[in-house]
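1. sharing a sequence plus its predicted fold:
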2 protein chains.
Amino acid sequence: MPELRQNLATKEWVIIAKERAKRPKDPSSPPRERRKALPFDPSCPFCPGNESKTPEAILTLSGERGWKIRVVPNKFAALWPSGDRLRHMDGVKRWMPGVGFHEVIIETPLHDAFIALRGDEEIHDLLQVYLERYRSISQDKRIELITLFKNHGEQAGTSLPHPHSQLVATPVVPSHIRHRLEEAMRHFDNHGECVFCAMLREEIRYQERIILEDDYFVAFVPYAAFSPFHTWILPKRHVASFGDTAPDEIGSLAKTLKAVLAKLYYGLDDPDFNYVIRSVPSDGRGIRSFHWYISIVVRMTKAAGFELGSGMFINPALPEEDAGFLREVKV
Amino acid sequence: MPELRQNLATKEWVIIAKERAKRPKDPSSPPRERRKALPFDPSCPFCPGNESKTPEAILTLSGERGWKIRVVPNKFAALWPSGDRLRHMDGVKRWMPGVGFHEVIIETPLHDAFIALRGDEEIHDLLQVYLERYRSISQDKRIELITLFKNHGEQAGTSLPHPHSQLVATPVVPSHIRHRLEEAMRHFDNHGECVFCAMLREEIRYQERIILEDDYFVAFVPYAAFSPFHTWILPKRHVASFGDTAPDEIGSLAKTLKAVLAKLYYGLDDPDFNYVIRSVPSDGRGIRSFHWYISIVVRMTKAAGFELGSGMFINPALPEEDAGFLREVKV
């Protein structure tokens, strides 16, 4: 029989229905293969030599043989950096100018590289660049939330295959985020403790959903994971903002993220996925009730009418089994 | 410059960024074509003659030449009808048995039919069946929310092409729904009026986002539409529950839904879409602050890392232009 599970931190319900995994698959969909590309594509705007095809770089990390990482404004930016954030209200019309930042982080000069299969240093550098941009944009008083994310593969919504991440900084706190903060605050009010710290302590005690852990970070499949292989990576230390990651934590975060992504690559044959860094809005930087984390969503199932209408997801996989599977994948 | 718009009813922000429509498209994706199928597929479990491939029908609407509509339990149901809804809580583990209903409404015996291109009577019958199942399941005290929806096309998450809708009845109110109810209630507290009624009045006054209207229903692209051609259909009369739709409203609803879906079909060459009936949870049936409606989501854009992480959407189309376009499509 299926079961409903509630995420302790977000209070969101999910339906865990393993029976649904037996649904007949579309016979026309080909079996999963690891993607193949060349290390250089002359038509790719992110490949070396084509730097003039992107807006001017905001930040460049250079090595002995040219740039290693480039951060550029998104050429088709959803938000623009100039302007004020004045709200206008006229009945149903409630709007403000689209001020903010929308940046692309080109992770490597290699068109076909996958960061989890490269050296430790490369993912370490990438996280440092994330942090540098996060901290720099946090200074802008107009910004309320910074979202760092990566779309990997077509099902994950990427339009260019060259490895890149993105940063979107918005002048509002989306209601989705506000509701999660409120839930976390309510838990703190009732228990005097960060709900994510409580969850972490329990997950470490049970062990059954842990993928890996070290002194600083834990990767696990949440008890109420909303899709197969959904993974959270949390710092063990209570810290609300990604921007407050300590220098001694970065190495561990790099190793953890790399290992989880490599396990997905080898275990699931290079699946499409998104990851997102969920961090507290600017004005909550030091709060005791929220805890930043990385959420990884493997795109194996599609959100359909039920998910759109109810906000609830149906997960045809058991989180304990997914975690067990990923634990065993050798990288 | 992009702009941020806030939906008056849900308080959700969306980024309207027409510039993003200029992004290069994947050259490998083929141009849109209307789908083709045969009127009968011997391997389809929903085609006539294959009735034994589905669980036994809960409701059958018959005509002179056999059944016209069949409602059957989903063979791979996400929720099961027997059991109690006792909640269990043990730290991070918060769960309950997956009790509820998951039904499939087979809309027609014809494998290749599209309801919006058929006679008025067929969509009228379908809505009557929706209502009958909605009202019947509402009687079950274990059920808190009933979601009726349709997934049309692969991008919309359907696994079988034979025209069908679904009903999922959950023993919980998902937090997404609760937050929307709370927003609507706050508006009522502040203004003494249903926020959807207010929105409707303003949309009718402005006219610029109206697709069509008659005495009973209005179809429009919301001011803060979260994706291209996103459409809401609302009853003009204040009514919180779809189950309380009046007999004289059904004919108008059938005509309105049919016309909007036909406009999408002819104007956008049979796009993949979802629609969902958003109705109040069982225990709020008569409330003055919520208003039921149909939300139609055309699946032209993909939710990626930003949407997953922030709950905010980027719409590369202008709602006023989308409404103008659909207004002009002849059906």
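-> Structure's in. What do you need? Numbering: from 1, shown residues only, chains lettered A, B, ... in the order given.

2. tell me the SS of the most centrally placed residue in chain A?
-> What sits nearest the mean C-alpha location of chain A, by C-alpha atoms, centre = their mean, is A:V276, with 1.4 Å. Put simply, A:V276 is strand when judged by DSSP: H, G, I helix; E, B strand; the rest coil.

3. in space, what's closest to it - neighbours in sequence excluded?
-> Closest residue to A:V276 in three dimensions, ignoring its sequence neighbours and counting by C-beta to C-beta, 6 or more residues apart in numbering or on different chains: B:G309, at 3.3 Å. C-betas here are computed from N, CA, C, even on glycine.

4. centre of the chain to the helix or strand containing that neighbour, how far?
-> Here B:G309 sits within helix B:305-310, counting by DSSP states H and E. Here helix B:305-310 is found 22 Å from its chain centre; the criterion is C-alpha atoms, centre = their mean, to the nearest Å.

5. that one packs against which elements?
-> Helices and strands touching helix B:305-310, by 3 or more C-beta pairs under 8 Å, 6 or more residues apart in numbering or on different chains; DSSP states H and E, are strand A:145-152, strand A:164-170, strand A:273-278, strand A:293-298, strand B:313-315.

6. go again with 7 Å.
-> Applying 3 or more C-beta pairs under 7 Å, 6 or more residues apart in numbering or on different chains; DSSP states H and E, one finds that helix B:305-310 contacts strand A:145-152, strand A:164-170, strand A:273-278.

7. as TSV, those strands with distance to B:P39 and mean pLDDT would be great.
-> Shown next, in TSV, are the helices and strands packed on helix B:305-310 (distance: least, C-beta to C-beta, whole Å; pLDDT from 0 to 100):
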stretch	distance to B:P39	mean pLDDT
strand A:145-152	40	98
strand A:164-170	46	98
strand A:273-278	40	98
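
8. now render the ones you listed as TSV, adding distance to B:I16.
-> Shown next, in TSV, are the helices and strands packed on helix B:305-310 (distance: least, C-beta to C-beta, whole Å):
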stretch	distance to B:I16
strand A:145-152	18
strand A:164-170	13
strand A:273-278	22
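
9. buried deepest among the ones you listed, which one?
-> Highest mean neighbour count among the helices and strands packed on helix B:305-310 (mean count of other C-beta atoms under 10 Å in any protein chain shown): strand A:145-152, with a mean of 26.

10. mind checking how far it is from the chain centre?
-> Centroid separation for strand A:145-152 versus its chain: 6 Å, with C-alpha atoms, centre = their mean.

11. would you check how far apart the closest residue to chain B within the stretch 151-300 of chain A and B:G311 are?
-> Nearest to chain B in the stretch 151-300 of chain A, going by C-beta to the nearest C-beta, is A:H176, at a distance of 2.4 Å. For A:H176, the distance to B:G311 equals 2 Å [C-beta to C-beta, to the nearest Å].

12. can you show me the helices along chain A?
-> Ranges of helices in chain A, per DSSP state H, are A:120-138, A:175-191, A:195-206, A:247-268, A:305-310, A:319-328.

13. and stretch A:8-21, anywhere near chain B?
-> Yes - using C-beta under 7 Å from any C-beta of the partner chain as the criterion, contacts between stretch A:8-21 and chain B involve A:L8, A:K11, A:E12, A:W13, A:I15, A:A17, A:E19, A:R20.

14. hang on, the earlier thing: okay, the residue of the stretch 151-300 of chain A closest to chain B: pLDDT?
-> At A:H176, the pLDDT value in this model is 93.

15. distance of it relative to A:Y216?
-> Separation of A:H176 from A:Y216 (C-beta to C-beta): 28 Å.

16. for the stretch 1-150 of chain A, give me the ranges with low pLDDT.
-> For the stretch 1-150 of chain A, applying pLDDT under 70 flags the ranges A:24-31.

17. flag every residue of it that's near chain B.
-> When proximity is defined as C-beta under 7 Å from any C-beta, the stretch 1-150 of chain A approaches chain B at A:1-6, A:8, A:11-13, A:15, A:17, A:19-20, A:22-23, A:26, A:76, A:78-80, A:83, A:91-98, A:145, A:147, A:149-150.

18. residues contacting the residue nearest to A:V276?
-> Applying C-beta atoms under 7 Å, 6 or more residues apart in numbering or on different chains, we find B:G309 in contact with A:T147, A:F149, A:V276, A:R278.

19. which strand residues bridge the third one?
-> Residues in a beta bridge with A:V276, per DSSP bridges, are A:F149, A:S295.

20. my guess is it meets A:I146, correct?
-> No - in this structure, A:V276 is not within contact of A:I146 by C-beta atoms under 7 Å, at 11.1 Å.

21. quickly list what's touching both of the two.
-> Contact criterion C-beta under 7 Å, 6+ apart; residues shared by A:V276 and A:I146: none found.

22. shouldn't A:E12 be in contact with B:S175?
-> Yes - contact criterion C-beta under 7 Å: A:E12 and B:S175 qualify, at 5.2 Å.

23. which residues of the stretch 151-300 of chain A lie near chain B?
-> Residues of the stretch 151-300 of chain A lying near chain B (C-beta under 7 Å from any C-beta): A:151, A:156-157, A:159, A:166, A:168, A:170, A:172, A:174-177, A:179, A:199, A:202-203, A:223, A:274-276, A:278, A:297.

24. between the helices of chain A, which one is nearest to B:G66?
-> With C-beta to C-beta as the measure, helix A:305-310 is the member of the helices of chain A nearest B:G66 (27.4 Å).

25. returning to what we had before: which of the residues of the stretch 1-150 of chain A next to chain B count as buried?
-> Among those, those classed as buried by 16 or more other C-beta atoms under 10 Å in any protein chain shown are A:2-6, A:8, A:11-13, A:15, A:17, A:19-20, A:76, A:78-80, A:92, A:94-98, A:145, A:147, A:149-150.

26. circling back to that earlier point, any idea which of the helices and strands packed on helix B:305-310 gets closest to A:S252?
-> For the helices and strands packed on helix B:305-310, the distance to A:S252 is smallest for strand A:273-278, at 15.3 Å, taking C-beta to C-beta.

27. for the stretch 1-150 of chain A, just list every one of the strands.
-> Secondary structure of the stretch 1-150 of chain A (DSSP state E, counting those that start in this stretch): strands at A:3-6, A:13-16, A:59-63, A:66-73, A:88-90, A:93-97, A:101-106, A:145-152.

28. remind me what the last one packs against, helices and strands.
-> On a contact count with 3+ C-beta pairs under 7 Å, 6+ apart, strand A:145-152 meets helix A:120-138, strand A:164-170, strand A:273-278, helix B:305-310.

29. same list, the ones you listed, but as CSV with distance to A:A113 please.
-> Below are those laid out as CSV (distance: least, C-beta to C-beta, whole Å):
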stretch, distance to A:A113
helix A:120-138, 8
strand A:164-170, 11
strand A:273-278, 16
helix B:305-310, 19
